[in-house]
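S.K.: Just the structure for this:
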Amino acid sequence: MSTTTQNLAPVSEQAGFSWWDKLFFSGRTQLIPIRIHDKPVVVELSPAAQKALARRDTPLTAELMLYFSCNIVKKIRFYQTTPEDRDMVPITDKLQVFFNPVIKRACNTEELFAHSVPYSDFEVIDEPRFTPKRVTIHYKNGEWSGEFRL
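M.R.: Take a look at the predicted model:
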C-alpha cells in the first residue's frame with residue numbers, strides 16, 4: 001500500500017493564508033495577500049468596507065503607523081487623498097496602504113490621535129519583526145477604522 005502526503009494548501013499559505021483563515025474568514029470577509037517590505041501581509045476587508053470602497057471614485061489611503069515613544073502604539077489613519085513621498089502598496093483599485101514607523105522623543109500618546117502629530121520618520125533596523133502580519137479594515141456609521149497586528 002502506497003501512501004502519499006498532501007500539502008493541504010501550499011499556494012494559499014505562500015500568499016499569507018492559513019487553514020484557520022479559510023475556515024473562519026471565508027465567505028463574506030475578503031482576504032487579500034500583499035507584501036510590505038518583502039514580508040507577506042494579509043489584509044482583511046469587512047463586508048461593509050468592501051461596499052464602501054466600491055462606491056468610491058478615488059482610492060482610499062490607509063497609513064499603518066507604528067508609533068515609538070514611551071511605549072509602542074499601533075494606529076491606522078485614513079486619508080481621502082494620497083500623501084506624497086510614500087511607498088504605496090495597492091490592495092485593490094480603491095485601497096492602498098503604506099507602513100510608517102515614527103518616533104517622538106517626548107511621551108505624549110494623546111497627540112497620536114490627532115492628525116497633526118509632530119514626529120519623525122525613521123528606518124526600523126529589524127523591519128521584518130515590526131512589519132504588520134495582518135491588517136483589518138472596517139467601515140461603520142460612515143467612519144473608517146482598522147487595526148493591525150505584528
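S.K.: Enumerate every residue touching residue 137.
M.R.: Shown in contact with residue 137 (C-beta atoms under 8 Å, 6 or more residues apart in numbering): 43-46, 49, 62, 76, 95, 144-146. Where you see a C-beta, it was placed from the backbone N, CA and C, and this is true even at glycine.
S.K.: The nearest residue to it once chain neighbours are set aside and residue 85, how far apart?
M.R.: Nearest in space to residue 137, with sequence neighbours left out and distances taken as C-beta to C-beta, 6 or more residues apart in numbering, is residue 146 at 4.3 Å. Residue 146 is 22 Å from residue 85, where distance means C-beta to C-beta, to the nearest Å.
S.K.: More neighbours: which of these two?
M.R.: Neighbour tally, residue 146 and residue 85, criterion other C-beta atoms under 10 Å: the higher count belongs to residue 146, 22 against 6.
S.K.: what is the mean pLDDT for the host helix or strand of that one?
M.R.: Per DSSP states H and E, residue 146 falls inside strand 143-149. If you average the pLDDT over strand 143-149, you get 94.
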